[in-house]
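>>> need a structure here:
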Amino acid sequence: MLNNINKEIISFKETEIMEVANFGRNHAIVTGEKVYPAWFGEGDTPTDKIIYDKAVDALVKGKTFYTFQNGIPNLRLEISKYMNEIFKINTKPDNHSVVTGGMMGLRLVCDLILSDNDEVVIVGPVWPNIKSSVLLKKGVIKEVSLTLGKSGWNIDFQLLLKSISSSTKMVFINSPGNPTGWVITKEQQNQLLNHIRQTGSWLISDEVYHQIIFNDTVAPSFLQISLPNDRLIVINSASKSFNMTGWRIGWLTHPEELGEHIAKLVQITTSGVPEFLQNGLLSALHNYKVITNELKLNLIKSRDLMFARLKTWSRVECSVPEAAFYAFFKVKGMDNSLEFAKKLIVETKVGVAPGIAFGESGEGHLRICFAANEDFINAIMDRLEPVLNSKS
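Residues are numbered from 1 along each chain as shown. Sure, this is the predicted structure:
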């Protein structure tokens with residue numbers, strides 16, 4: 001039976017993050033022991049009542065029918081207002097399309113741009129789904145890796161520019177980055193965008209963590225320096241900044257003429273985001289200042305609590321991230337992060353993400369999501385310390 005379906009699908013494995021999560025869940029069922037999950041990239045705070053009340057109200061009013069493929073007009077208007085306000089730019093509603101989460105937005109972008117054997121340059125370590133999306137389109141990946149130094153995660157920027165040529169169909173940048181928390185500088189953004197204008201490549205900027213930056217109000221966006229005819233698409237999501245991971249709603253910001261083509265792709269994949277969910281995002285955008293301010297304050301407390309201990313442990317090499325909500329650190333003496341993560345579940349009952357999930361450049365590292373309450377962080381750090389602060 002399987003020899004008659006798409007070979008790319010057969011060749012794909014589940015991500016190593018999901019493999020660890022399933023291992024941990026099964027371990028909890030078999031042993032009856034509690035496993036502390038820190039493997040996924042989401043917080044432990046439920047969606048704010050001010051958001052879900054609007055979605056419930058829309059359900060009660062019968063907003064359950066097919067709707068606009070690019071998103072309901074009032075939401076696209078609100079997205080435009082939000083983006084213009086926080087980034088000091090000038091977009092129109094037609095520059096935005098509502099999609100079923102950032103992941104679906106990325107898949108649609110790959111469908112829109114890539115064909116067989118197209119070259120895609122990616123900065124890694126990076127969220128694994130981007131590579132899967134490129135490979136499903138039979139693209140060819142060229143990765144330029146960040147390195148961890150005394151000042152944090154850095155990139156050989158000249159190497160990145162040299163890696164992008166007229167043969168490069170698409171360049172993917174995730175900043176603020178998952179898993180590293182790396183943030184591209186404004187100067188680097190300018191250089192990269194100017195270079196891409198010369199090569200004719202598409203620049204896809206994943207900016208879903210734009211609100212989760214700790215030394216500024218918002219992370220720099222390529223939209224702040226782009227021109228209307230630039231081949232630039234920015235991916236955003238409600239998941240991270242508004243505690244809406246399970247809602248699966250996000251948006252693309254794109255040249256106006258792409259809107260009708262994105263709408264076609266939405267029509268043949270999801271038919272559009274349910275209108276009652278779009279009303280929830282409307283409320284999030286109306287109230288973003290209150291929501292994101294509280295989120296950042298809590299994340300700073302959690303980050304500082306975790307790193308006060310992590311950076312003192314004998315087997316750990318790390319830097320305190322300036323953005324996103326992950327500790328991504330090197331473990332001395334670890335050469336198989338997948339098996340090590342499984343071992344941690346058995347020995348410590350803590351589930352983390354293995355670095356290999358984020359590409360070869362991530363091997364030797366682990367990722368822990370610190371978007372959690374103080375008690376949870378203290379509990380997992382107490383359990384991890386005997387292993388990560390030992391001499392062996």
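
>>> for the stretch 251-392 of the chain, give me the ranges with low pLDDT.
By pLDDT under 70, the weakly predicted segments of the stretch 251-392 of the chain are 392.

>>> quick one: the helices in it, in order.
Under the criterion DSSP state H, counting those that start in this stretch, the stretch 251-392 of the chain contains helices at 259-267, 275-286, 288-310, 337-348, 374-388.

>>> run the angle between the third one and helix 275-286 for me.
Calculated by axes from the mean of the first three to the mean of the last three CA atoms, to 10 degrees, helix 288-310 forms an angle of 80 degrees with helix 275-286.

>>> if we can go back for a sec, same list (the helices of the stretch 251-392 of the chain) but as TSV, adding mean neighbour count and distance to Glu85.
(Each C-beta comes from the backbone N, C-alpha and C, glycine too.) As requested, those are exported to TSV (neighbours: other CB atoms under 10 Å; distance: least, CB to CB, whole Å):
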stretch	mean neighbour count	distance to Glu85
helix 259-267	17	22
helix 275-286	23	10
helix 288-310	17	9
helix 337-348	19	41
helix 374-388	16	32
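
>>> tabulate the ones you listed (CSV), appending distance to Gln188.
Below are these laid out as CSV (distance: least, CB to CB, whole Å):
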stretch, distance to Gln188
helix 259-267, 28
helix 275-286, 29
helix 288-310, 24
helix 337-348, 28
helix 374-388, 32
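
>>> under the pLDDT cut-off, which ranges of the stretch 1-150 of the chain? List them.
For the stretch 1-150 of the chain, the stretches flagged by pLDDT under 70 are 2.

>>> quick one: the helices in it, in order.
Using DSSP H, counting those that start in this stretch, helices in the stretch 1-150 of the chain cover 7-11, 16-31, 49-60, 73-87, 101-113, 128-136.

>>> what's the closest of these to Val352?
helix 16-31 (7.4 Å; CB to CB).

>>> distance to Ser221 and mean neighbour count for the helices of the stretch 1-150 of the chain - can I get that in JSON lines?
JSON lines is the format used below for the helices of the stretch 1-150 of the chain (distance: least, CB to CB, whole Å; neighbours: other CB atoms under 10 Å):
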{"stretch": "helix 7-11", "distance to Ser221": "33", "mean neighbour count": "9"}
{"stretch": "helix 16-31", "distance to Ser221": "27", "mean neighbour count": "16"}
{"stretch": "helix 49-60", "distance to Ser221": "23", "mean neighbour count": "16"}
{"stretch": "helix 73-87", "distance to Ser221": "5", "mean neighbour count": "18"}
{"stretch": "helix 101-113", "distance to Ser221": "15", "mean neighbour count": "22"}
{"stretch": "helix 128-136", "distance to Ser221": "18", "mean neighbour count": "19"}
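
>>> okay if I get those helices as a markdown table plus distance to Asp375?
Listed next are those as a markdown table, based on distance: least, CB to CB, whole Å:
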| stretch | distance to Asp375 |
| --- | --- |
| helix 7-11 | 41 |
| helix 16-31 | 19 |
| helix 49-60 | 23 |
| helix 73-87 | 32 |
| helix 101-113 | 30 |
| helix 128-136 | 30 |
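
>>> now the strands for the stretch 101-250 of the chain?
With strands called from DSSP state E, counting those that start in this stretch, the stretch 101-250 of the chain shows them at 119-124, 140-145, 147-149, 152-154, 168-174, 202-206, 232-237, 250-253.

>>> for the helices of the stretch 1-150 of the chain, which one sits closest to Leu281?
Ranking these by proximity to Leu281 (CB to CB) places helix 73-87 first, at 6.2 Å.

>>> give me the distance between that closest one and the centre of its chain.
Taking the mean of its C-alpha atoms, helix 73-87 sits 21 Å from the chain's own mean (CA atoms, centre = their mean, to the nearest Å).

>>> then stretch 289-307?
Centre-to-centre, stretch 289-307 and its host chain are 18 Å apart (CA atoms, centre = their mean).

>>> end-to-end on stretch 144-152?
End-to-end span of stretch 144-152 (CA to CA, to the nearest Å): 17 Å.

>>> next one: that stretch to chain centre, how far?
19 Å.

>>> if we can go back for a sec, how about the strands of the stretch 101-250 of the chain in TSV, adding distance to Ser390 and mean neighbour count?
Shown next, in TSV, are the strands of the stretch 101-250 of the chain (distance: least, CB to CB, whole Å; neighbours: other CB under 10 Å):
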stretch	distance to Ser390	mean neighbour count
strand 119-124	29	23
strand 140-145	28	17
strand 147-149	21	13
strand 152-154	26	17
strand 168-174	33	23
strand 202-206	36	24
strand 232-237	38	25
strand 250-253	42	26
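
>>> so which of those strands gets nearest Leu75?
It is, among these and with distance given as CB to CB, strand 250-253, at 8.5 Å.

>>> remind me what that closest one packs against, helices and strands.
strand 96-99, helix 101-113, strand 232-237 (3 or more CB pairs under 8 Å, 6 or more residues apart in numbering; DSSP states H and E).

>>> and the last one, what does it pack onto?
Put plainly, it is strand 232-237. Judged by 3+ CB pairs under 8 Å, 6+ apart, the packing partners of strand 232-237 are helix 101-113, strand 202-206, strand 250-253.

>>> CSV for the helices and strands packed on strand 250-253, including distance to Phe157?
Output for the helices and strands packed on strand 250-253, formatted as CSV (distance: least, CB to CB, whole Å):
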stretch, distance to Phe157
strand 96-99, 30
helix 101-113, 24
strand 232-237, 19
